[in-house]
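Q: this one's sequence-less:
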């Protein structure tokens with residue numbers, strides 16, 4: 001089973017990479033939603049619909065959301 005290194009690096013299983021066409025040097029995006037990390041190969045439209053299940057709160061402004069994210073990132 002792959003593990004996270006001390007530098008927070010991960011190795012993806014070769015068979016999974018082959019299945020989705022990921023190779024050395026390929027770009028990717030990662031997203032966090034519902035306590036899970038999703039890794040998506042960086043190609044035009046690859047992430048379309050990935051976060052469609054996430055519901056936003058219209059009462060939270062962009063500024064407040066950004067500040068909350070910044071506050072959380074400094075708390076660990």
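A: Nice, thanks for sending it over. These numbers were taken from a predicted model, which means no experiment stands behind them.
Q: for this structure, what are the low-confidence residue spans?
A: 46, 73-76 (pLDDT under 70).
Q: in it, which spans are helices?
A: Applying DSSP state H to the chain gives helices spanning 14-20, 62-73.
Q: adding mean neighbour count, write the ones you listed out as JSON lines.
A: C-beta here means a position set from N, CA and C on the backbone, and glycine is covered the same way. Shown next, in JSON lines, are the helices of the chain (neighbours: other Cβ atoms under 10 Å):
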{"stretch": "helix 14-20", "mean neighbour count": "10"}
{"stretch": "helix 62-73", "mean neighbour count": "10"}
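Q: for residue 35, which of those helices is the nearest?
A: Each of the helices of the chain has some distance to residue 35 by Cβ to Cβ; the shortest is helix 62-73, at 13.7 Å.
Q: for the helices of the chain, which one sits closest to residue 43?
A: Residue 43 sits nearest to helix 14-20 of all the helices of the chain, at 10.5 Å, using Cβ to Cβ.
Q: re earlier: dump the helices of the chain to CSV, plus distance to residue 26.
A: What follows is these, written out as CSV (distance: least, Cβ to Cβ, whole Å):
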stretch, distance to residue 26
helix 14-20, 9
helix 62-73, 26
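Q: closest one to residue 34 among the ones you listed?
A: Nearest of these (Cβ to Cβ): helix 62-73, 15.9 Å.
Q: still on that earlier bit, show me the one of the helices of the chain that comes nearest residue 33.
A: helix 62-73 (13.6 Å).
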